[in-house]
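*Asks:* here's a sequence, model it:
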Amino acid sequence: MLRGRRVGQGVQLIIAPASQADEAEAESTGAMQILRDAGATVLSTGCGACAGYGGGLPGGATVISSTARNFRGRMGPADTQVYLASPATVAASALAGRISDPREELV
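*Replies:* Numbers count the residues shown, from 1 in each chain. Below is the predicted model of the structure:
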């Protein structure tokens, strides 16, 4: 979905591979380069934004994440709105600059 495309203006796409093995596989298949070319920031493996890596999220931000957990304050100040979704929905939303249905990008 992201191949040859860029994330929407004003959108941050932050990738934190779950493990070094996952990161190595993504590098070997070219998937990581597609993410970088689309404008993604790649963090070290691990918890990513939930642990504050890569800088804090501003108050009042809207986040869509493919992580497994969500609770107030996990990814920034208590007024940060965090929505959980599939990786496809996150990618489509990064392209559109709003929470989007990935089927719109596959047409």
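
*Asks:* tell me the spacing between residue 7 and residue 74.
*Replies:* 22 Å (Cβ to Cβ, to the nearest Å). Where you see a C-beta, it was placed from the backbone N, CA and C, and this is true even at glycine.

*Asks:* what does residue 102 give?
*Replies:* 24 Å.

*Asks:* how about residue 10?
*Replies:* Computed as Cβ to Cβ, the residue 10 to residue 74 distance reads 23 Å.

*Asks:* and these two? Which one has more around it.
*Replies:* Applying other Cβ atoms under 10 Å to residue 10 and residue 74 shows that residue 74 carries more neighbours, namely 17 against 6.

*Asks:* just checking, that one touches residue 82?
*Replies:* Yes - the criterion here is Cβ atoms under 8 Å, and residue 74 meets it with residue 82 at 6.7 Å.

*Asks:* what's the mean pLDDT across stretch 20-38?
*Replies:* For stretch 20-38, the mean per-residue pLDDT is 96.

*Asks:* what comes up buried for it?
*Replies:* Going by neighbour count (16 or more other Cβ atoms under 10 Å), the buried part of stretch 20-38 is 23, 26, 31-32, 34-35, 38.
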